[in-house]
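**Student:** mind looking at a prediction? Sequence and model below.
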Amino acid sequence: MDPIQLLIICAQAGMLVNLMLIAAAYMVLAERKVAAWIQGRVGPNRVGPWGLFQSFADVFKLYLKEDVVPAAADYKFHALAPIISIAVAITIYAVIPWSGPLVTIDGHSYGLAMAPQMNVAILIILAMTSVGVYGVALAGWSSNNKYSLMGGLRSAAQMISYELSMGLAVIGVVLISGSLNLVEIINSQIANGWNIMYQPVAFLIFFVTSLAETNRAPFDLPEAEPELVGGYHTEYTGMKFGLLYLAEYASMLAAGAIMATLFLGGWDMIPFVDEAALLGLAPDSIPMVVLGHITFVSKALLMVFVFIWIRWSLPRFRYDQLMNLGWKVLLPLALANIAVTGICLLLFG
Amino acid sequence: MPQLIIDGRVLEVEPGKTIIEAAFENGITIPHFCWHPALSPDGNCRMCLVTVGAHKKDSDGALLYGDDGNPEVSWFPKKQIACATPVTDGMIVDSISKETVETQNAVMEFLLINHPLDCPICDEAGQCKLQEYALVHSKGKSRFDEEKVAKDKRVQLGPNIIFDGERCISCSRCIRFADEVAKQPVLTFVGRGDKVTITTFPDTTFDSPYSMNVIDICPVGALTSMDFRFKARVWEMSFTDSVCPGCARGCNISIGVMNNEVLRTEPVTNMHVNNYWMCDHGRLAVPTIVNNNRTSGPMIRRDGVLESVTWDEAIAATVERLKSFKPQEITILGSSLASNEDNYLLAKLAKEQLQTSNIDYIQHLSHDFGDDMLRVNETAPNAIGAHTAGIAVGTNGHGVAKLVDRIKHGDVKVLVVLEDSLDDFSDELAEASAGVEALIVLTSHTNLTAKQASILLPTTVFAETEGTFTNIHHRVQHFSPAVVTKDNERLMTMKQSRWDKFGAPNDRWSSGEKRDARPAWKIIQALCVGLGANYAFGSSGDVFNDMAHHLSGFKDMSYPSLKKHQGLILGKGNSPEKEEEVYQSHVMKPA
Amino acid sequence: MANVKTNTEAQRLTFWERIYLPEIARGMGLTFKQMLQPTFTRQYPEERWEPEGSYRGRPVLVLEDGKERCVACGLCSRVCPALAIEVRAAETTDDKERYPEKFEINMLRCIYCGFCEEVCPEEAIVMSKDYELVFGSQEEGILGKEKLLVPVAQLRDRLEFLRQWK
């Protein structure tokens, strides 16, 4: 690999990480705004116009906070846990095809995506979500606090349970698209129509499990305030808490982007329509790629909005209900979905 | 002896008693304002109206009984006052039937007609007989629409008493007290009807040494104390039973404390000591003794100046001085102002640890303090106790009488003084005491001797610790701690007001001064331990039990038994007086 | 338990309710509609709220003719469930005989229950409309007479309310 290429990739990575962190911070603002609207309030409106700089104020404040570590905590793991959480979320961004290639330098083309052509992208995603458990479980365990530990344990149990259904739901998509490469999957959707039309059940399962994997309501048992004070992040302060908090929103955005990729046709604007031909542009031309990127991000953000909307609409599940849903409903449903998909492919494919 | 029935109970009482006395002796309380067992019956408040009757007889003289077995009664047509109607044989009295109570309620309504709604500004509120009866015998609403009568308020009847004419219900308890108990008949009613009020005769003032007792017996807030006036509401204070240290009579008292400050003193009825009364001197002296001019924190004289030191330093320095002199060079003065326990341990220190026989105490005698009522010439509370506890000159020892000469000859190197100020004995002694090498002073007040001390060990006063005094009639009486010091920090037995209970450190109303003083016995025990003894008394009670074990006078006595019997006579620890009903004017018994 | 009539979730719900999804959609629809409704928020420091006479704000002492009505009876202090009030009385030559030499309300203890106002025999302590209570220290939270005394003219609403409804 030549040095220029390395430099460009590094710059690209830096830009992506920063963009995504800012996006995550803004999602916190979005969450507060949506919550406010649903509750008939205004929401943050004091920092900047419509409260737009609230996110910066929040992060700035978190940086200035004292970092309190409980005396009985395991300091190394206590510090490591938030790093794992945020790192996992950001790693997933690397394989997400944010856009097609925008520029070509020295015969290499670069877009906003870091490694769109990776042929095991889906496996990376599933692997990374599994590693995400460590962040939460370690945070809970190393705090040496009963509430934190309970939150961490719940989180571990929940994530392991729902990972199964999530993986199985993705298999339906893989069966149809015939590839683990995300760009390939998008291209197959542009050609054949969005996967949500063929795999509605898989989409539903994936959506529900994504909620659970990101510890979002109604599956936010690891941080259930009424029972567990703050759950796994009870003993975190300052920017360590900030990282755990941002990781949740970063994962949310990642989940939204993955759903956009797997089920909602990626950067395809309208299913079954060749937009490039309609607009009279070449499919790889810059305006088309930018339009595609905007489409992709809009789809991801729409999913994020639904996540937030759900949080302020539905009450939290009880732990046994959570397990029942995961093992007795979603898992059989996902298995059935694979079987039906396989049979249909055999018969009509 | 006449036999009568009150409220269905058959009672036998001595002839000549009134109905209310007969009832009281048998535990039945008939509502009353003007009656007081120590005063002659007056019968003017009319509150004790009861229905009286006689057993019906048939023409043969046989007693008639109803179908239910109860006697048939021919009731007198009018109600009688229980306080002035003597009992007769066969009398039947009813004080609780609906009709009787309605009569009493009607009397109450009359009494309340002109009584002003002064409760918010009245010192009596909260322990007012009228308030208490208003709860039971009044509807809580007045039918009286007219103007209440205006009379003189804030009239000074004597140097310590202020009179409010409007609140007065004209029961005449104060007039009878002045006439019969204080023997200073200067109070009288003037005016008639609703204009009646109380005043002193021209050119007289009610300044008897017992005048302030009228404040206690006044059933309303008409007579209040100049000294206490508006200092606190009754419910804001905690009241602890104690013994007056004003003279050797040892009147039983109750100490009212708020925010760690003694605000007032009231007599507690003890028929064997002070009846219902106490003298004004004691009443006014107690708050002064506890609150004013106190020592706080141990001190050692260095380069001629008293410097504050820690307790451990002070005790160690004292022990060192005591060790460095021969026994006969040490003279120890116990005190008739200190408790039995303090004196007992001091005597132990002298006899068992230091082996000195120079041990004595200063007498406090006055020629004109005593009278024929309560006050006695012995003005310290515990001379008998100090002597009994072992403060007496030993064989070959020297007492306080020769002390001045011996100091001047250089025979006294160390002088240990408990509580007393040496100038109480003679100014010569006070002057001479500057000549000893070590003047070790255990005292609660910054008196002359405290100022001269080489080592000053602050002690608690009677109101800050548990202990006993032995009065002039050899009665050992118990007192409880009422005020918090740094040392006792709320003993389990201490009475607490609402403020004490719920105050937090940052509340201004619970931040009263806590003095750094310790009970003398505790200090003396530390000295004894420093000298090699193995005493381990944890509380005053332990010391007292040790006394009861070793001294024949205190045999069979203990704090619980002293409290139960309101004191026991020396040597008669197992034969207390017969218990009788104790009259408490302002306490209504629960129905 | 055999004879207890059970009414389990499964028995109460219809089939569609039991699979949740339509009900979830209904709930989400409700919250979405709510998002489009106008908000109720008052822009506080700019838009202020003037409470009614029935409002129980900071307790204050009524100042009438240059003097407090209070006679320092201590009933407010006694009834206060949070022990927020301390009153010390002293004698005055006025008709009322006594006045509060010291009257302190610890606003950090006060729970705004209004018992002090209810028990007051002189209508001397009332709940004001003052709801903006910020202190820089614990000591500042203890209000003395100088901060508690409020002229009767400013308390008309509350006194009116008390006479009418209490």
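**Tutor:** Received, thanks. Residues are numbered from 1 along each chain as shown, chains lettered A, B, ... in the order given.

**Student:** what's the longest helix along chain C in contact with?
**Tutor:** What stands out as the longest helix in chain C, according to DSSP state H, is helix C:21-36. Contact with helix C:21-36 is made by A:34, A:37-40, A:309-310, A:312-314, C:16-17, as judged by CB atoms under 8 Å, 6 or more residues apart in numbering or on different chains. The C-beta positions use only the backbone N, C-alpha and C, and glycine is treated the same way.

**Student:** what do you get if the cut-off is 7 Å, keeping everything else the same?
**Tutor:** Helix C:21-36 is contacted from outside by A:37-38, A:40, A:309-310, A:312-314, C:16-17, using CB atoms under 7 Å, 6 or more residues apart in numbering or on different chains.

**Student:** what's the pLDDT at A:Met1?
**Tutor:** Confidence at A:Met1, expressed as pLDDT, is 64.

**Student:** with the one 10 residues further on instead?
**Tutor:** The predicted structure scores A:Ala11 at 85 on the pLDDT scale.

**Student:** SS state for it?
**Tutor:** Secondary structure, DSSP: H, G, I helix; E, B strand; the rest coil: A:Ala11 is helix.

**Student:** what is the burial count for it?
**Tutor:** With neighbours defined by other CB atoms under 10 Å in any protein chain shown, the count for A:Ala11 comes to 11.

**Student:** again, but for B:Ala383
**Tutor:** Around B:Ala383 there are 24 residues (other CB under 10 Å).

**Student:** double-check that B:Ala386 belongs to a helix.
**Tutor:** Yes - the assignment for B:Ala386 by three-state DSSP puts it in a helix.

**Student:** B:Gly334 is in contact with that one, correct?
**Tutor:** Yes - using CB atoms under 7 Å, B:Ala386 is in contact with B:Gly334, at 5.0 Å.

**Student:** which residues does the helix or strand that the longest helix of chain C is followed by contact?
**Tutor:** Toward the C-terminus, helix C:21-36 is succeeded by strand C:59-64 as the next helix or strand (DSSP states H and E). Identification of contacts with strand C:59-64 by CB under 7 Å, 6+ apart yields C:68-70, C:103, C:105, C:110, C:116-117, C:123-128, C:145, C:148-152, C:155.

**Student:** taking those, please make a PyMOL selection of just the buried ones.
**Tutor:** Selecting only the buried entries of those in PyMOL, with 16 or more other CB atoms under 10 Å in any protein chain shown as the criterion:
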select buried, chain C and resi 68+69+70+103+105+110+116+117+123+124+125+126+127+128+145+148+149+150+155
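
**Student:** circling back: tell me the mean pLDDT for the longest helix of chain C?
**Tutor:** Rounded mean pLDDT across helix C:21-36 is 88.

**Student:** before we move on, back to that, inside helices: which ones of the contacts of helix C:21-36?
**Tutor:** Per DSSP H, the subset of these in helices is A:37-38, A:309-310, C:16-17.

**Student:** now do the shared contacts for B:Ala386 and B:Gly334.
**Tutor:** Shared contacts of B:Ala386 and B:Gly334, defined by CB under 7 Å, 6+ apart, comprise B:343, B:361.

**Student:** can you put the ones in helices among the contacts of helix C:21-36 in JSON lines and add distance to B:Pro116 and pLDDT?
**Tutor:** Shown next, in JSON lines, are the ones in helices among the contacts of helix C:21-36 (distance: CB to CB, whole Å; pLDDT from 0 to 100):
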{"residue": "A:Trp37", "distance to B:Pro116": "63", "pLDDT": "88"}
{"residue": "A:Ile38", "distance to B:Pro116": "62", "pLDDT": "89"}
{"residue": "A:Trp309", "distance to B:Pro116": "69", "pLDDT": "91"}
{"residue": "A:Ile310", "distance to B:Pro116": "70", "pLDDT": "91"}
{"residue": "C:Trp16", "distance to B:Pro116": "76", "pLDDT": "80"}
{"residue": "C:Glu17", "distance to B:Pro116": "71", "pLDDT": "77"}
